[in-house]
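Enquirer: the amino acid sequence is not available; the structure is as follows:
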């Protein structure tokens, strides 16, 4: 039963085929089972050996099937996705996991190649846009007026301190791990967000350069005549003018 469970099962594995000897043995136990096994020793051994061979093949190919499904899950917008999915479905529906030649592994390679190309293209676009945004930021007059530590603080806040590292796509395992972190679609989203991050960095730089607002408290006094009012206005004006040269004043 263990060999049968490992050799057959849910699609795309082969389904369990009727076998009179297996059905008979499954219904027996104890001495009856031992006796029947002795009588059908060669047939039972041959059947078990065949199941073990099939189970070993399942163990070899099923990881490829899982990889194919994982890769297809990241191929939503890629032109190759539809054709590969159709072939994948045909393997599943026909329970063709163990067919020779192997039908699954070539699909894995096709899906992996398409995704590597898509990730490389999307990351390349992201990196080019990052470099362009950085160049524009460094050329901005307000940016040049900031101290190095102030620039670093802003870059950290807007997530532009450094570009994201290029994904590692060499092996199939590395590709799947990189896709779990960032898909081609996600790299495109990161690319599209860079302009907004640049604008925010420039806005923060401008705010840093604005002088601090200086408070001025108008003098409190009782005003009885127009002359009192003129004197009060003159005193307020004098207090404001004394500080206005150093930046904006708030009354």
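Expert: Nice, thanks for sending it over. Since the structure is predicted, the reported quantities are computational estimates derived from the model, not experimental observations.
Enquirer: lowest-scoring secondary structure element of this protein by mean pLDDT?
Expert: Lowest on mean pLDDT, DSSP states H and E among the helices and strands of the chain sits helix 20-26, with a mean of 72.
Enquirer: for the chain, which segments count as helices?
Expert: All helices of the chain, identified by DSSP state H, fall at 2-7, 20-26, 30-39, 41-72, 81-94, 104-139, 141-144, 148-157, 172-181, 184-209, 226-244.
Enquirer: give me the buried positions along the fourth one.
Expert: Which is helix 41-72. Judged by neighbour count (16 or more other C-beta atoms under 10 Å), helix 41-72 contains these buried residues: 44, 47, 51, 54-55, 57-58, 61-62, 64-65, 67-68, 70-72. In short, each C-beta sits where N, CA and C put it, glycine included.
Enquirer: swap in the third one?
Expert: By neighbour count with 16+ other C-beta under 10 Å, helix 30-39 contains the buried residues residue 36.
Enquirer: how far does it sit from the chain's center?
Expert: Mean-position distance between helix 30-39 and its chain equals 57 Å (C-alpha atoms, centre = their mean, to the nearest Å).
Enquirer: just checking, what packs against it?
Expert: helix 20-26 (3 or more C-beta pairs under 8 Å, 6 or more residues apart in numbering; DSSP states H and E).
Enquirer: please name every helix or strand in contact with the helix it packs on.
Expert: Counting contacts by 3+ C-beta pairs under 8 Å, 6+ apart, helix 20-26 is packed against helix 30-39, helix 41-72.
Enquirer: before we move on, the earlier item: where among the helices of the chain is the average confidence lowest?
Expert: Lowest mean pLDDT within those: helix 20-26, a mean of 72.
Enquirer: give the buried residues for it.
Expert: By neighbour count on 16+ other C-beta under 10 Å, the buried set for helix 20-26 is 22, 25.
Enquirer: again, but for stretch 232-247
Expert: Of all the residues in stretch 232-247, those buried under the rule 16+ other C-beta under 10 Å are 232, 239.
Enquirer: what are the contacting residues of that stretch?
Expert: Applying C-beta atoms under 8 Å, 6 or more residues apart in numbering, the contact partners of stretch 232-247 are 210-214, 216, 218-219, 221, 223, 249, 251.
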